[in-house]
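Asks: Build me a structure from this.
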Amino acid sequence: MAQDQKRCIPPHVADAITAHVGDNDLMTRPELRTRAMEARKGHDKLWAPFFEEVLKPLADRGDMKASLRANEVRRHFQDVSDLCLLDLCKRREVAIKTTGSGLHQVWEFSW
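Replies: Numbering: from 1, shown residues only. Have a look, this model is predicted:
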């Protein structure tokens, strides 16, 4: 976490601290935010194949929405929580809602 202390510790000092003591985990709000932002970057990388393989072909056909079973969506976003997936779609300006539950859950995307 020393690398994340931009305003107080010069980068070369932070690198030296980390090299000497390892990841000095402070267990603070900034650490949580940093970890969440890193996870979001990973989610963004998952979006590209989903967009290219699923949504884009539908849009190219003239469709403005897609109704997909949960297992089809989960194939692309296996380790992403529903809440994070909703946030990802919001950031990508794709509306999303779910209907049903369990094996009958359907994710509806629209653009």
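Asks: can you give me how far the helix ranked longest in the chain is from the chain middle?
Replies: Selection of the longest helix in the chain by residue count, based on DSSP state H, yields helix 29-50. Remark: helix 29-50 is offset 5 Å from the chain centroid, using CA atoms, centre = their mean, to the nearest Å.
Asks: and what of stretch 60-72?
Replies: Averaging C-alpha positions (CA atoms, centre = their mean) puts stretch 60-72 20 Å from its chain's average.
Asks: Enumerate the positions of it that are buried.
Replies: Ala66, Leu68, Ala70 (16 or more other CB atoms under 10 Å). All C-beta spots, glycine's among them, are computed from the backbone N, C-alpha and C.
Asks: Toward the C-terminus, what is the element adjacent to the longest helix of the chain?
Replies: The helix or strand immediately downstream of helix 29-50 is helix 56-60, counting by DSSP states H and E.
Asks: helix or strand right after that following helix?
Replies: Helix 56-60 is succeeded, C-terminally, by strand 65-69 (DSSP H and E).
Asks: same for the following helix or strand past that following strand, what does it pack against?
Replies: Beyond strand 65-69 on the C-terminal side, the first helix or strand identified by DSSP H and E is helix 70-76. Counting contacts by 3 or more CB pairs under 8 Å, 6 or more residues apart in numbering; DSSP states H and E, helix 70-76 packs against helix 29-50, strand 106-110.
Asks: which stretch in those has the least confidence?
Replies: Among these, helix 29-50 has the lowest mean pLDDT, at a mean of 89.
Asks: Ala14 sits in which helix or strand?
Replies: Taking DSSP H and E as the definition, one finds Ala14 inside helix 11-21.
Asks: Show me what counts as buried in that helix.
Replies: Ala14, Ile17.
Asks: I'd like the mean pLDDT over that helix, please.
Replies: Averaged across helix 11-21, the pLDDT comes to 73.
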